[in-house]
Structures are given as structure tokens and as C-alpha cells.
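Student: When you get a sec, could you give me coordinates for this:
(2 chains)
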Protein chains: 2
Amino acid sequence: MTIARTLADFASGPVAPDARMQRFVGLSLFDWASVGLAGTGEPVAQAAREMALGGGASHGATLLGGGQAQAAQAALVNGATSHALDYDDTHFGHIGHPSVAVIPAALAIAETRPGEAGDLHAALAVGLEVACRVGAWVGRSHYEAGFHQTGTSGAFGATAAAGRMLRLDPARMAQALCLTATRAAGLKSQFGTMGKPLNAGFAAEVGVTSALLAQAGATSAPDAIEGAQGFGPTHAGSADVSALDGLGDAWVFPNISYKFHACCHGLHAMLEALREIRDEGLNAAEIESVTVRTHPRWLAVCNQPEPTTGLQAKFSYRLTAAMMLSGVDTAALDSYTDATCARSDLRALRDRVRVETDDGLSDSAAEVSVVASGQTHSTRHDILTPIDPALIERRLRDKSATLLGGAEAEALWRSVARIDEAEGVARLMACLGARPGQTLAEDG
Amino acid sequence: MTIARTLADFASGPVAPDARMQRFVGLSLFDWASVGLAGTGEPVAQAAREMALGGGASHGATLLGGGQAQAAQAALVNGATSHALDYDDTHFGHIGHPSVAVIPAALAIAETRPGEAGDLHAALAVGLEVACRVGAWVGRSHYEAGFHQTGTSGAFGATAAAGRMLRLDPARMAQALCLTATRAAGLKSQFGTMGKPLNAGFAAEVGVTSALLAQAGATSAPDAIEGAQGFGPTHAGSADVSALDGLGDAWVFPNISYKFHACCHGLHAMLEALREIRDEGLNAAEIESVTVRTHPRWLAVCNQPEPTTGLQAKFSYRLTAAMMLSGVDTAALDSYTDATCARSDLRALRDRVRVETDDGLSDSAAEVSVVASGQTHSTRHDILTPIDPALIERRLRDKSATLLGGAEAEALWRSVARIDEAEGVARLMACLGARPGQTLAEDG
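Tutor: So this is what the prediction gives:
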């Protein structure tokens, strides 16, 4: 059986009820919508929206930030917009960000084909799962060669989600995935530019287009994913077949990590550990020293020792440690400013933070020691350690309230909870498209 | 200077008047339109059109075969449709088919942005040139690794053409090309499936989208084509800098080859040589033997010795030789049928054709010897030998008349000739979109 057919049988087949999976779909959808709405003012979001709205009259699917476009274009805009802040979810097995490619594709079909649309929860579940499975199948070798799984395996996940919304049978679903094999793209060399969030949008667009083409009868090479000169072999794929083990029986996507801090993911394990110590009631003024131990690979990524700009602050162990211990809200976008970098109390504490490396640590873990009033407080945190979903929910709702305001976050939460009701998609899209006080005219 | 900026300075800069270049742009546009209109009934064309027309109300750009869609979708449909018959032009330096990616992108912008549209001839010229230059820059290693230049370097050409139609300045043009670097895709493993023509359509879509995004202010990595883990390095590019020699001074795209026979390109040199001998007035019934000498690489491609189906006929030296010498029109699609394969006179002549290989021959050349009534007629033909453009024009007009009918071919020729007049694009698009007697309802 080909890889495409294996994935298609899963993506078009019965999805067993699984409470944990269902809950994580809802959490990802809510978090995706929160960071998407928060990203609509970013330059890449504005450029994508202008592209979609400028090409002549077109409607059907709602754009984050307002306006409507044809389904594939809306998927592109919403994928790029939701990845603009780099604040969306991450899956370490996938080596990328599954939701920003998958969710916009499913929503664009749900909204433009309401008559034929399948169950949105199931479509998102299979889409997120396929993105993670394909990401692991192409694996580390693919990433190291320069490919950006968010764009590449994301396109396969987006295709599965869009295809399930269209109720494609397994044969057509396999065709859709094989069409995606000749388009899936995205380079890591775009990191640090608008090309990174756009890679997510392009993946979402590919998903919509491949699914609609397959629905209309387009066909392609059946072994286009793994065959000779197929997608994997031409894109440095590791072809790790164990990545597909248990597909359909066990879900891997709920091992997803949400960002609770608006900065580089390399800082999060430290911030969570420090948060625990801070919540013991430590007074920042009494802190004598802080020691952070982290995997050496992060030093080249996020160890700006004395940041002076908001952007540098997002990549600084020392400053964000000081922010966390001083009660600055690290979930808020506007905490990362030049002014924060210049605050004398933060700079003083920052200078008492020492960063050490330990290659015995996993790159998802950090150990911290804080000496205050002669006492040493030590703990460690691994962001891959499963957290109680109820706790994740509370923190994502707090994050959303920080980003959007409490009332908007609450309205969004309610609309996500009711997504499977009649008019559920329309209600959600109304939330996403109508941001109070923000219109394209103002943005442009 | 980056590759993107080098290409952008050319594509956005002044285009010196060059009569030969201008003439070949016109010939390619005319041939593209002819094979595009002839391809609208193909299953891949119907699927692409259904995809574009089914996604909700949308208009602006004309689809080959009728209907309108948003610009990027129209480019996709028209690219796939025009490559559906595999009857479009080829450029051996590019290692692919430039027109099917470039022309649909330029037309979609010309039609949807009439107010800002630049000169179509110049846009097509720079687009075709960029496709050929990038195709040669990634080179044979890229093709051998499994990539389909029609899709990959075609996307860069489409971007240059669409960007010039939008009058992008060199800085924005370079951004557009660098956005294309993270999307340019297309696998040769799709050959023999609808994925092959779709690769052309996808490339055209990328061109439109990248150009519109850059116009709207999207930016990307400046060395995204040749830099570390850029497009070339991640896609087995040969990085042959000589491929850019003389850019802007000398045009390479006019070395383009047109197909005058509706069959595999490997047969064309033989058919042209036999045509010359046939036109000396040879009587097929008097032919005793035919010897064809060709490069050995073609034997695995197009040497079906005793074809029985129309598709096999398109890959048969022996049968197409018999067809040519018997006066069957090898330019007509409906000459390649099961019935043709079964004709006893053709089979008898076919069995007197012998195919020999000679690795001293170029793979674009063939030598033929025909013995008739005791006399030997020998000649050779190389399809890369430049032909008088006036002769190309006559043969393309004959080909168009064969495909579309004389009146339609004539109307199309006139509309292409007047493309730079006011309303020229609108007139051409009316020709392309309104095929008498064919509506989507009939196709679907």
C-alpha cells in the first residue's frame, strides 16, 4: 500500500471517538484563532490581505482581519496571518507548526461548501494528525537539508483536512495527497522574513486546491510521496516508516505544545520553571543570583545577553528571566519593547542571571536555581511533559484575554465550543472576520 | 549582487527593441493559445476548470474553455489546460516548456489589472527569458534529481512576467522572485499523469501570487535563490552562473522549439526529415524500405514497434514514419487512433521501417534513408537548427487551423497580432474564453 493510500484510508475513514483528541482539537482551534486575530495588524498579514482583496471582486471565505476571498486565497491569508506572530502551537515530532497550515484549509472549505461539509472536528483531527505523521516521516534529515515542515508536511495535513471537509472517498483523498506531493514546498532559509509565515499560508492554499482538484476528478502519480523521485526522495526525506505506526489507533498530534510566552520557544522551559519559583512568593528585589541550565543548541538561538530592542528581548534568556521574576506578563506582545529592555530594575536583575549549558539535558528542558535571601530554589521543567488539559485550557484562555481582551476572548471561546452546532462555522467566522475597530482601510 | 536582483534588474528594466525577440513572443503566444484552446476538453482541463468555478462566485480572469475566476486560479487553470496535450513549445536550454507557465500568469494580470498593466509583449519576453535562464542555471542536475523545470523555473518566469505586468520596480521584483524561491515546485515523477500539466498551472499560479504579494509589500530572504539552503542548493541546482551570461543583451528564449506533430518530441526530427523526402513527390506504395537513425536514448522513450492504440502510436518511430510517408496529417490530434494503428497499408509500410541507433548523433537529430523504386533518398534533420521565422509562422498557422478550424485559427492570429492595441487583451481573452459550442455544462 502506498503512503498516500495509507494516509487516505485514515483521513477518509471512521474516526473513533476519543475525548482527549477532541479536547486538543478544540484547544488548538481556540489558540489558533487567538493568535490569528492578534496577528492581523502585522505587515505580512496586511500584505496577504491586500493581495487577496485587490484581485477583483471575490467572496466566499472570511479573512482574518476582515474581508472575504475565494477559498484557496483565504486559506493562504489566514495561514500567513496566524503564523505572523510566531505564537502558534508547535509539535516536536512534526518539527513544525501544524495548526497554521491545517486549520485555515479546513475552515475555508467549511465556509464555502456548507452544504457538503463534513464534521469540522474530525477534519481538523485527521489534518493535524497527517501533518504530524508526514513531518515525522520526512524527519530530521528533511529539516536539516533546509525544508520547513510547517510548509511541506503542513501541506499534506491541510490536504487531509480540506479533503475530509469535502467528504472525499479514500481513492480521491489519495489523489489529493499525491497532487500535494508535487507542490509541497517551503524553505527554512526564509526564517526571519515574511517568507516564514507565508510558508504556512502557502501550505494551507495547497491543501484547499489539491482537495478541490481531486474532488473535480484530477489524478496524479499514486506513489508520488515515497516512489522513485517522489516527494520524500527528492526532499531529503528520512522515509522513517515507524512514523506511521499505529495510525488511526493512537493519536500523536495531542502531544502538541502551546506557547504561553510571546517569545522564542527555546526560552519557554526556563520561563515555566521560573514561573513555578516565582509563584512560591519570591520578591524580585531579594534575588541574589539566577542560574539557568539549557541544551547548548539554544545558545546560538536565544541567548542575547544584553538586549536593547523588543525583538532582541524575545531571544534573551537573561532578560526574559528577569521579566518573569519581576512579574512582567511574558504572554503579552507589548511586554517585549525597547522600554522593557531599558528598565533599570530589569537590567539589574538580568545581570545577575547566568546561563550554562548541559548537553545531558533534552532541548525541551531547562533547570533553574534562584538564590534569594540566602535560600536556593531549584526546579526543572520540560515543555514536553504532558500537562493537565484543564490547566492548558485556563492558560490559553488567559493568553487569549491578554492578546484580545477579556470579552473578545470569551466570545471566541464560546464560538469554538459551539463549532459543531448548526451555524457554528458561520458564528466562528464572524468572530474571526469582524474585529472591532479594525478595517482594511485603517490597516492599509 | 544576488541572482534575484540580477534577474529583477533585467525583468523590470528597459527592454531594447529586438525584432526577432518580438516575433518569437508573438509566435509563442499564438501557439500557446492554439494548443490551449485545443486542450480545453481534456480531463485535466475540465477538472481544473471545475475546481476554479466551483468555489463560489468569483470573476475577473478568463479561463480557457469558458468562465472566469480570480487571477491566480485562472493562471492555474490556463497553465494546466495549455499543457494538457503536451503540444506546446519546448526550450532545450530551459529543459522544459516555458510558455505554459509564463503566458497564463501575464494574461491573468493583464486582464484583471487593466489600469496598471504594462506592455504585454515586454512582460512575456522577460518572463520567457527568465524561465529559460533559471532553467539553465539549475540545469541538468536539477532535472536528473527529479524536478520538472516546467514547474520550477517556470514559476520564476511566471513571476517575472506577472511582476512586469504590475510594473514592479526592481526591488519589489526581486522580492517576488525570492517569494517564488520558497514555493517553486514540480516533480517529474508526475509524468504520465495529470500532475504533469498541473505542474505548469501551479507554476503560473505561483507567479501571479508572488507578484501580487510583492506589490502589496511582502518581503522575503534576499538570497533565497542561491543562498545557503536557498532554492538552488535545496533542489540539486547546478548553479551554473554562465546561464546568466549576456542577460539583457542577448535573448536565449527565441531558440524555442515548436511542435509541429502531435506526438512525442523524440519523433520530430525523423518526421521533419521524412517530410522533406515525401515532399519530393514520393509514392508511399513504391517504398521498399525506410531506415531511421536516432540517438539511443530515444529507444526507451518512443520506439513502440507495433502500436495498437492511439496513445502508443504517439510513441512509435515505425508507425509515425509510415503515417508521414502516406500523407496522414501528423499535426492532427485525431490522426493518432486505434483505427490508424489498424490500417493495413500503414502496417505494411510500418513493417518496412527499421530503427537504428547512433550515439554520434545529437538527441535532437535524426537521419533517414528511404529506398523507393530502386532509388535511395537520404537526409537528416536537427530540430535545433534555426528555421526561418516566416516558415515557422506558416507551419504554426497550419497547425492551429488543423486543431481549431481555419476560421478560428485566423481570428486567433489576428487577435494576437493586435495584442498591444487598446482592448487588445480583452479581444484575445474573448477568443480564449468563448469556444463555440463548448460550455462547462457540456463538459461536466
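Student: from here on, contacts and neighbour counts on C-alpha atoms
Tutor: Noted.
Student: Look up the pLDDT of the nearest residue to A:S362 once chain neighbours are set aside for me, please.
Tutor: With Cα to Cα, 6 or more residues apart in numbering or on different chains as the criterion, A:S362 has its nearest non-adjacent residue at 6.4 Å, and that residue is A:H295. At A:H295, the model reports a pLDDT of 96.
Student: Who are the contact partners of A:H295?
Tutor: Taking Cα atoms under 8 Å, 6 or more residues apart in numbering or on different chains as the criterion, A:H295 is in contact with A:T357, A:D358, A:D359, A:G360, A:L361, A:S362, A:D363, A:A365, A:A366.
Student: Quick check: the fifth one vs B:L212, distance?
Tutor: To tie it back to what came earlier, the one meant is A:L361. Summarising the geometry, the distance separating A:L361 from B:L212, computed by Cα to Cα, to the nearest Å, is 46 Å.
Student: same question, the last one
Tutor: Relative to B:L212, A:A366 is positioned 44 Å away (criterion: Cα to Cα).
Student: Against the centre of chain A, work out the most remote residue.
Tutor: In chain A, the greatest distance from the average C-alpha position (Cα atoms, centre = their mean) is reached by A:G374, at 41.1 Å.
Student: for chain A, longest helix please?
Tutor: Using DSSP state H to define each element, chain A has its longest helix at helix A:120-144.
Student: Which parts of the stretch 101-250 of chain A are strands?
Tutor: Using DSSP state E, counting those that start in this stretch, no strands are found in the stretch 101-250 of chain A.
Student: By mean pLDDT, which helix or strand of chain A comes out lowest?
Tutor: Ranked by mean pLDDT, DSSP states H and E, the helix or strand of chain A with the weakest confidence is helix A:440-443, at a mean of 32.
Student: Report the contact partners of the residue farthest from the centre of chain A.
Tutor: Contacts of A:G374 (Cα under 8 Å, 6+ apart): A:E288.
Student: ditto for A:A72
Tutor: Applying Cα under 8 Å, 6+ apart to A:A72 gives the contacts A:A105, A:A108, A:A204, A:E205, A:V206, A:V208, A:T209.
Student: Not counting sequence-adjacent ones, nearest residue to the last one?
Tutor: In space, and not counting its chain neighbours, A:T209 is closest to A:A72: 6.2 Å by Cα to Cα, 6+ apart.
Student: re the thing from before, wait, does the longest helix of chain A make contact with chain B?
Tutor: No. No part of helix A:120-144 sits close enough to chain B to count as contact by Cα under 8 Å from any Cα of the partner chain; the gap is at least 9.3 Å.
Student: Which positions in stretch A:181-192 come out as buried?
Tutor: Under the neighbour-count criterion of 16 or more other Cα atoms under 10 Å in any protein chain shown, stretch A:181-192 has A:A181, A:T182, A:R183, A:A184, A:A185, A:G186, A:L187, A:K188, A:S189, A:Q190 buried.
Student: How much space separates A:W413 from chain B?
Tutor: To chain B, A:W413 is 29 Å away according to Cα to the nearest Cα, to the nearest Å.
Student: what's the answer for A:L428, then?
Tutor: The span separating A:L428 from chain B equals 19 Å under the rule Cα to the nearest Cα.
Student: same thing with A:E286?
Tutor: The gap separating A:E286 from chain B is 45 Å, by Cα to the nearest Cα.
Student: what do you get for A:I3?
Tutor: 15 Å.
Student: which residues does that residue contact?
Tutor: By Cα under 8 Å, 6+ apart, the residues touching A:I3 are A:D223, A:I225, A:E226.
Student: what's the answer for A:R172, then?
Tutor: The contact partners of A:R172, by Cα under 8 Å, 6+ apart, come to A:A214, A:Q215, A:G217.
Student: since we're on the last one, how many residues are nearby?
Tutor: Read it as A:G217. Using other Cα atoms under 10 Å in any protein chain shown, A:G217 has 19 other residues around it.
Student: now the longest helix of chain A, how far from the centre of its chain.
Tutor: Here helix A:120-144 is found 12 Å from its chain centre; the criterion is Cα atoms, centre = their mean, to the nearest Å.
Student: hang on, A:A262 is in a helix, isn't it?
Tutor: No. Residue assignment for A:A262, taken from DSSP: H, G, I helix; E, B strand; the rest coil, gives coil, which places it outside any helix.
Student: phi, psi of A:H91?
Tutor: In this entry, A:H91 is assigned phi and psi values of phi -130, psi 120 (degrees, to the nearest 10).
Student: Let me know the pLDDT of A:L311.
Tutor: 89.
Student: Find the nearest non-adjacent residue to it, please.
Tutor: Here the nearest residue to A:L311 in space, its sequence neighbours aside, is A:Y336; by Cα to Cα, 6+ apart that works out to 7.0 Å.
Student: list the contacts for that neighbour?
Tutor: Contact partners of A:Y336, counting by Cα under 8 Å, 6+ apart, are A:T309, A:G310, A:L311, A:A313, A:K314, A:T330.
Student: can you list these in JSON lines and add distance to A:C132, secondary structure and neighbour count?
Tutor: Listed next are these as JSON lines, based on distance: Cα to Cα, whole Å; DSSP: H, G, I helix; E, B strand; the rest coil; neighbours: other Cα atoms under 10 Å in any protein chain shown:
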{"residue": "A:T309", "distance to A:C132": "35", "secondary structure": "coil", "neighbour count": "15"}
{"residue": "A:G310", "distance to A:C132": "32", "secondary structure": "helix", "neighbour count": "17"}
{"residue": "A:L311", "distance to A:C132": "29", "secondary structure": "helix", "neighbour count": "13"}
{"residue": "A:A313", "distance to A:C132": "30", "secondary structure": "helix", "neighbour count": "27"}
{"residue": "A:K314", "distance to A:C132": "27", "secondary structure": "coil", "neighbour count": "26"}
{"residue": "A:T330", "distance to A:C132": "28", "secondary structure": "coil", "neighbour count": "21"}
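Student: List just the nearest of those residues to A:K259.
Tutor: Proximity to A:K259 was ranked across the contacts of A:Y336 by Cα to Cα; first place goes to A:T330, at 10.5 Å.
Student: residues in contact with the nearest residue to that closest one once chain neighbours are set aside?
Tutor: Spatially, and ignoring its direct neighbours in sequence, A:T330 is nearest to A:H261 (5.1 Å; Cα to Cα, 6+ apart). Shown in contact with A:H261 (Cα under 8 Å, 6+ apart): A:Y87, A:H268, A:T330, A:A331, A:A332.
Student: In these, find the pair that's most separated.
Tutor: A:H268 and A:A332 (14.0 Å).
Student: Give the residue from these two that has the larger number of neighbours.
Tutor: Legend: neighbour count by other Cα under 10 Å for A:H268 and A:A332, higher for A:H268 (24 against 18).
Student: Need the phi and psi values for that one.
Tutor: Dihedral angles phi and psi of A:H268 (degrees, to the nearest 10) take the values phi -70, psi -40.
Student: pLDDT wise, what is it at?
Tutor: Taken from the predicted model, the pLDDT recorded for A:H268 is 96.
Student: now the contacts of A:A72 as TSV including neighbour count?
Tutor: As requested, these are exported to TSV (neighbours: other Cα atoms under 10 Å in any protein chain shown):
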residue	neighbour count
A:A105	40
A:A108	30
A:A204	39
A:E205	29
A:V206	33
A:V208	34
A:T209	29
